[in-house]
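Chemist: From the sequence below, what's the structure:
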Amino acid sequence: MTAVEPLPEQPAVSYIMPVLNEEGFLEAAVETILAQDYDGEKEIVLALGPSHDASNEIAARIAARDPRVVLVDNPERDIPAGLNHAIAASRFPVIVRVDAHSELTPDYTRVAIAALRETGAANVGGVMRAAGATDVQRAIARGYNSPFGLGGGAYHGDGTPGPAESAYLGVFRRSVLDRVGGYDPAILRGEDWELNLRIRNLGETIWFEPKLGVTYWPRASFGALARQFFATGNWRAVLVRKYGGANPWRFFAPGTLVIGLAASLITLLLQVCGVMPFASFWSLLWAPAALYVLGILFAVARIPEQRGLRDRWLTAVTLVTMHTAWGTGFLRGIVFGGGKVVDRSRIA
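Modeler: Just a heads-up that it's a prediction; the model follows:
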């Protein structure tokens, strides 16, 4: 790890937030920032995309009553571009990425800066704890919080402090962001992982601190979840094409699953149509679908915070939606690249 400049006890902090169609969440997210248990100077820079709802009007009202809130335009609408606009408009040596669909715990900033100082890390991140207000959103939150849903990222579980591959959101030393040139505006999803890879390639450390907690409000419908995960899988494939083996093996699993399920379905259709006999070795191609069904049943049985059969059914639908949408998007991205695939799941 290269030497980093020491931080003062309470460095000034710039919070950066891209905003697009967040009228139901924006005010609460900003309030959790303003309510941080941190005495150092702070500002919030909101990068406003071309929202279809009242997000920009809400942001203007917030800025009018609090001079610590700064507004900048994000005409490209994409998250990486918005983050770069916000960084450029910010002033302070510590950059805290925040999300309109997330709410920070009151001690978030104080704990993160202590971790930056004590570890010498370039970026510190904590635990993402998804929450929901409806039955469907709670089921989607359970998928986010379970390793059966999103897999092995440290920030999806409590874990132990230590160096990490990436970080959820992130609390950065500004000097390191300047050295890597900020976010890559060409990577429309997976931008955090890609940025943290470049930071690690500088010899710097990404640090996971489980004392940091962020409440995340996921998509509230299965259709929106599918659109989000298709775009995420598509752009993960772009990162695989660009960085190859630097990607962990778990990112290949959903695409492999979709290929296996497709093989099972095609085999069944051909057998039903009489092209293939049922009593033949071709029936072995049912195995991927059969094993996946058993895997979903096992996962649903292990995931906590479920009440009754309806919750378990919604959990199963969540997991299948996550896996198949992500995997289908991944295969699309491997073949065709990123293209014009964007996540429009926040647009009503």
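Chemist: wait, P248 sits on E165?
Modeler: Yes. Between P248 and E165 a contact is recorded at 6.9 Å, counting by C-beta atoms under 8 Å. C-betas here are computed from N, CA, C, even on glycine.
Chemist: Compare those two and say which is more crowded by neighbours.
Modeler: Using other C-beta atoms under 10 Å, the more surrounded residue of P248 and E165 is E165, with 17 against 14.
Chemist: Helices of the stretch 51-200 of the chain, start to end?
Modeler: Secondary structure of the stretch 51-200 of the chain (DSSP state H, counting those that start in this stretch): helices at 55-65, 79-89, 108-119, 135-145, 147-150, 174-180, 191-201.
Chemist: Adding mean neighbour count, write these out as JSON lines.
Modeler: Formatted as JSON lines, these follow (neighbours: other C-beta atoms under 10 Å):
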{"stretch": "helix 55-65", "mean neighbour count": "16"}
{"stretch": "helix 79-89", "mean neighbour count": "22"}
{"stretch": "helix 108-119", "mean neighbour count": "20"}
{"stretch": "helix 135-145", "mean neighbour count": "22"}
{"stretch": "helix 147-150", "mean neighbour count": "19"}
{"stretch": "helix 174-180", "mean neighbour count": "17"}
{"stretch": "helix 191-201", "mean neighbour count": "21"}
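Chemist: Quick one: closest of the ones you listed to D37.
Modeler: With C-beta to C-beta, the closest approach to D37 among these belongs to helix 108-119: 5.8 Å.
Chemist: Report all helices and strands that the closest one contacts.
Modeler: With contacts taken as 3 or more C-beta pairs under 8 Å, 6 or more residues apart in numbering; DSSP states H and E, helix 108-119 sits against strand 94-97, strand 123-130, strand 171-173, strand 206-216.
Chemist: Just name the most buried of those strands.
Modeler: Greatest average neighbour count among the helices and strands packed on helix 108-119 goes to strand 171-173 (a mean of 27), per mean count of other C-beta atoms under 10 Å.
Chemist: Residues in contact with that one: which ones?
Modeler: For strand 171-173, contacts defined as C-beta atoms under 8 Å, 6 or more residues apart in numbering pick out 4-5, 7, 93-97, 109, 112-113, 115-116, 122-125.
Chemist: swap the cut-off to 6 Å and go again
Modeler: I95, V96, A112, A122, N123, V124 (C-beta atoms under 6 Å, 6 or more residues apart in numbering).
Chemist: if we take these, which one ends up nearest to R65?
Modeler: Using C-beta to C-beta, V96 comes nearest to R65 of the contacts of strand 171-173, at 21.3 Å.
Chemist: Give me the pLDDT for that closest one.
Modeler: On the pLDDT scale, V96 is placed at 98.
Chemist: weakest of the helices of the stretch 51-200 of the chain by average pLDDT?
Modeler: Out of these, the stretch the model trusts least by mean pLDDT is helix 147-150, with a mean of 88.
Chemist: Packing partners of that one?
Modeler: Counting contacts by 3 or more C-beta pairs under 6 Å, 6 or more residues apart in numbering; DSSP states H and E, helix 147-150 packs against no other helix or strand.
Chemist: returning to that earlier point: out of the helices of the stretch 51-200 of the chain, nearest to I259?
Modeler: Of the helices of the stretch 51-200 of the chain, the one closest to I259 (C-beta to C-beta) turns out to be helix 147-150, at 19.8 Å.
Chemist: so where is the stretch 101-250 of the chain shaky, pLDDT-wise?
Modeler: Under the criterion pLDDT under 70, the flagged ranges of the stretch 101-250 of the chain are 151-158.
Chemist: A263 and G338, how far apart?
Modeler: Using C-beta to C-beta, to the nearest Å, we find A263 at a distance of 27 Å from G338.
Chemist: follow-up on the earlier one: would you list the helices of the stretch 51-200 of the chain in a markdown table and tack on distance to T267?
Modeler: Converted to a markdown table, the helices of the stretch 51-200 of the chain look like this (distance: least, C-beta to C-beta, whole Å):
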| stretch | distance to T267 |
| --- | --- |
| helix 55-65 | 48 |
| helix 79-89 | 40 |
| helix 108-119 | 51 |
| helix 135-145 | 28 |
| helix 147-150 | 26 |
| helix 174-180 | 47 |
| helix 191-201 | 35 |
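Chemist: mind checking which of these is nearest P288?
Modeler: So among the helices of the stretch 51-200 of the chain, helix 147-150 is nearest, using C-beta to C-beta, at 17.0 Å.
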